[in-house]
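S.K.: quick one: sequence plus predicted model below, questions after.
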Amino acid sequence: MAELCIALDTDKERAKEIIEELKGLNLFFKVGPYLYFSSRGEIVDRINDNGYKLFIDFKFHDIPNTVRLAIRSVEEMGADLTTIHILGGKEMIEEAIKERRKTKIVGVTLLTSHNENFLRNMGVAYDLKEYVLKLADAGISLGLDGIVCSGREVKYLKENIKKPFIAVVPGISYGEVAGEDQKRTVSIEEAKVKGADIIVMGRSLINRRNLRKEVMKILEILEL
């Protein structure tokens, strides 16, 4: 059964309203740099205090020691999940894993805002699926708990990576496109069938009028 993560891609006051409205539901909440810094960490405390699962999504990519210390801080926040860029390399990933206790670390392969044109412009010789597989396999082999990938690649990756892993899938369309900067989107049902373990939904969901009703509808789909 896939889990639902709601990306709080909004301001502090709206985030507080969402956290309150969805009380009692089994959810992840994803907090990125904008909300974390603009709320001075208050939203993280709200999420923890209300018993939700916490996903800190800063996509760390820096020298190994800096990322190791960042993971230590994320552990201290009580995060259940966090992200690093697999392109940071072997030493960076190994240093991050040294600090792992409760927090699961998932690797970013290729952002869902990027496509084949981006790879060509960067001079990458692999096609998109091969490139994502190469990064994902490397990250999982080094000990990451999972990867972040498009729903379009998740089935292919699960079939071609030998070790089990958590697939975190953003870029979910719901009644409308997920956002103009999302290029590799799939529906909730498609993501689930293809093997997503956690689906991440933000702008396509959080501004709906009856959010709790919509979220419960999605949870039902994921539980079937």
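M.R.: All right, it came through fine.
S.K.: distance of Glu223 from Glu91?
M.R.: 41 Å (Cβ to Cβ, to the nearest Å). The way it works is simple: take the backbone N, C-alpha and C, and place the C-beta from them, glycine included.
S.K.: check Asp80 too.
M.R.: 25 Å.
S.K.: which of the two has more residues huddled nearby?
M.R.: With neighbours defined as other Cβ atoms under 10 Å, Asp80 and Glu91 compare such that Asp80 has more, 18 against 14.
S.K.: can you tell me the closest non-neighbouring residue to that one?
M.R.: Leaving aside its sequence neighbours, Asp80 sits nearest to Lys53 (Cβ to Cβ, 6 or more residues apart in numbering; 4.5 Å).
S.K.: can you report phi and psi for that neighbour?
M.R.: When quoted as degrees, to the nearest 10, the phi and psi of Lys53 stand at phi -90, psi 140.
S.K.: that one is in contact with Leu27, isn't it?
M.R.: Yes: using Cβ atoms under 8 Å, Lys53 is in contact with Leu27, at 6.9 Å.
S.K.: and for these two, which residues touch both?
M.R.: Common neighbours of Lys53 and Leu27, using Cβ atoms under 8 Å, 6 or more residues apart in numbering, are Glu3, Cys5.
S.K.: between these two, which has more neighbouring residues?
M.R.: Higher neighbour count among Lys53 and Leu27: Leu27, with 22 against 18, using other Cβ under 10 Å.
S.K.: surely that one is in contact with Cys5?
M.R.: Yes: at 7.0 Å, Leu27 and Cys5 qualify as touching, with contact defined as Cβ under 8 Å.
S.K.: intersection of neighbour lists for the two?
M.R.: Lys53.
S.K.: all strands of this protein, in order?
M.R.: With DSSP state E, the ranges of strands along the chain come out as 3-7, 28-31, 53-60, 81-85, 104-108, 146-148, 166-169, 172-173, 186-187, 198-201.
S.K.: would you list those in CSV and tack on distance to Gly123?
M.R.: Listed next are those as CSV, based on distance: least, Cβ to Cβ, whole Å:
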stretch, distance to Gly123
strand 3-7, 31
strand 28-31, 32
strand 53-60, 22
strand 81-85, 18
strand 104-108, 20
strand 146-148, 23
strand 166-169, 27
strand 172-173, 30
strand 186-187, 28
strand 198-201, 29
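S.K.: how about the helices in this protein?
M.R.: For the chain, the helices defined by DSSP state H cover 12-21, 33-38, 42-49, 64-77, 90-98, 116-121, 128-141, 151-160, 188-194, 203-206, 211-223.
S.K.: so how far is the fifth one from its chain's centroid?
M.R.: Put plainly, it is helix 90-98. Relative to the chain's own centre, helix 90-98 is displaced by 19 Å; criterion: Cα atoms, centre = their mean, to the nearest Å.
S.K.: okay, and the helix or strand of the chain with the least pLDDT?
M.R.: Ranked by mean pLDDT, DSSP states H and E, the weakest helix or strand in the chain is helix 116-121, scoring a mean of 78.
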